[in-house]
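Enquirer: no sequence on this one, just coordinates:
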């Protein structure tokens with residue numbers, strides 16, 4: 001089975017796009033937790049909220065997901081059938097881990113409400129870790 005992939009140089013582009021989106025969207029969550037969420041009496045800094053409103057922050061969250069997808073769909077430097085097999089096995093193992101975690105989390109906490117980008121990012125991070133480990137082992 002031949003998978004259409006992006007060229008290898010797209011890995012760098014995807015990594016840069018992911019880092020830009022993740023830093024900007026993660027900064028707000030970090031500052032919320034650092035200033036106001038832990039201590040309700042603390043002064044809440046709203047400089048970031050004045051610069052970036054909710055639609056802009058949502059754009060950066062989507063940008064981080066797109067960057068990770070670009071990175072995942074880029075070719076390796078040496079692309080052969082064995083890398084394709086490792087990639088497909090990694091997808092399969094990631095789906096099994098994701099489904100298992102979903103069932104376990106649902107059994108323990110029935111009313112967990114997470115945003116979709118958390119789940120997508122976790123899925124892609126699991127895939128990248130599993131693919132890197134499989135590539136190093138074999």
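Expert: Everything's here; your move. Bear in mind that the values here come from a model prediction, so they are computed numbers and not experimental data. Numbering: from 1, shown residues only.
Enquirer: stretch 8-24: which residues count as buried?
Expert: 10-11, 14, 17-18, 21-22, 24 (16 or more other C-beta atoms under 10 Å). For glycine as for every other residue, the C-beta is placed from the backbone atoms N, C-alpha and C.
Enquirer: these two touch, right, residue 89 and residue 133?
Expert: No: at 11.1 Å, residue 89 does not count as touching residue 133 under the criterion of C-beta atoms under 8 Å.
Enquirer: can you tell me the SS state at the most centrally placed residue in the chain?
Expert: Most central in the chain under C-alpha atoms, centre = their mean is residue 121, positioned 2.5 Å from the mean C-alpha point. On the three-state scheme (DSSP: H, G, I helix; E, B strand; the rest coil), residue 121 is labelled helix.
Enquirer: so what's residue 71 up against?
Expert: 10-11, 14-15, 18, 128 (C-beta atoms under 8 Å, 6 or more residues apart in numbering).
Enquirer: Three-state assignment for it, please.
Expert: Quick answer, by three-state DSSP: residue 71 is helix.
Enquirer: could you find the closest non-adjacent residue to it?
Expert: Nearest non-adjacent residue to residue 71, counting by C-beta to C-beta, 6 or more residues apart in numbering: residue 14, 3.3 Å away.
Enquirer: next one: phi and psi at that neighbour?
Expert: phi -60, psi -40 (degrees, to the nearest 10).
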